[in-house]
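[1] model the structure of this input:
(chains A and B)
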Amino acid sequence: GESVGLHLPTLSVQEGDNSIINCAYSNSASDYFIWYKQESGKGPQFIIDIRSNMDKRQGQRVTVLLNKTVKHLSLQIAATQPGDSAVYFCAENYGGATNKLIFGTGTLLAVQP
Amino acid sequence: KAGVTQTPRYLIKTRGQQVTLSCSPISGHRSVSWYQQTPGQGLQFLFEYFSETQRNKGNFPGRFSGRQFSNSRSEMNVSTLELGDSALYLCASSLVGTSSGNTIYFGEGSWLTVV
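    Predicted structure coming up:
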């Protein structure tokens, strides 16, 4: 397979703090990126996306930053809440006539009350 | 508006059997993709369908197959099940067939356990 998911990195934050989750993507030709949140026993839930012609996009309490030079993506969550506890995945799309996504390994966000 | 619906949600099969999983995309969505999720390998792409045609296939053996119907509903089949096929199988749908910024939504998945 193309996705390697061995050890799941964990980010532990205090409730109310800001969280930053990082992701390195693999293909410099990728032109579309998505962040998903996955809670235990559920499918991935769309959070925010960004196209390669942008370097920043904001949503409600979330911001995605894209650095194409170093092939790096980050998700910032403001005022983290206990309900934000989940595994977060970044995914890249290589572009063209396909919706195929390549997923990162995921990061477990643990919010301490 | 209903989301991506997958059935069954949970199932247990014996080695050597086959299984069929079903996915109903969001109404109006024409693109359906399937993924396998395991603790060891993470989320891996299986295949993608658009307008009843398979456009892309991941690195899985031929035991894994799928199809899409004219109403965009999709099924995937795994034959001669192996213990390593135990996983969460996820279906995703999107409106169009290109990465033109159209959002890709996932269902809750089908949990398959092979014993």
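
[2] tally of neighbours for A:Gly59?
    A:Gly59 has 12 neighbours, counted by other Cβ atoms under 10 Å in any protein chain shown. C-betas here are computed from N, CA, C, even on glycine.

[3] now A:Pro113
    A:Pro113 has 7 nearby residues by other Cβ under 10 Å.

[4] likewise for B:Pro39?
    Residues within reach of B:Pro39, counting by other Cβ under 10 Å, total 10.

[5] what sits closest to the residue nearest the centre of chain B if chain neighbours are left out?
    Centroid-nearest residue in chain B: B:Trp34, 3.0 Å away (criterion: Cα atoms, centre = their mean). Closest residue to B:Trp34 apart from its sequence neighbours, by Cβ to Cβ, 6 or more residues apart in numbering or on different chains: B:Leu46 at 4.1 Å.

[6] check B:Tyr10 too.
    Leaving out its chain neighbours, the residue that sits closest to B:Tyr10 by Cβ to Cβ, 6+ apart is B:Trp111, at 4.8 Å.

[7] ok, now which ones touch that neighbour?
    Counting by Cβ atoms under 8 Å, 6 or more residues apart in numbering or on different chains, B:Trp111 makes contact with B:Arg9, B:Tyr10, B:Leu11, B:Leu88.

[8] who wins for neighbours among those?
    Of the contacts of B:Trp111, with other Cβ under 10 Å as the count, B:Leu88 tops at 20 neighbours.

[9] got the buried residues for the lowest-mean-pLDDT helix or strand in chain B?
    For chain B, the helix or strand with the lowest mean confidence is strand B:53-57, at a mean of 92 (criterion: mean pLDDT, DSSP states H and E). Of the residues in strand B:53-57, B:Arg55, B:Asn56 count as buried by neighbour count, 16 or more other Cβ atoms under 10 Å in any protein chain shown.

[10] between the next helix or strand after it and strand B:53-57, how many degrees?
    Next along the chain after strand B:53-57, taking DSSP states H and E as the criterion, comes strand B:64-68. For strand B:64-68 against strand B:53-57, the angle by axes from the mean of the first three to the mean of the last three Cα atoms, to 10 degrees is 150 degrees.

[11] is chain A within reach of strand B:64-68?
    No: judged by Cβ under 8 Å from any Cβ of the partner chain, strand B:64-68 stays clear of chain A, getting no closer than 11.6 Å.
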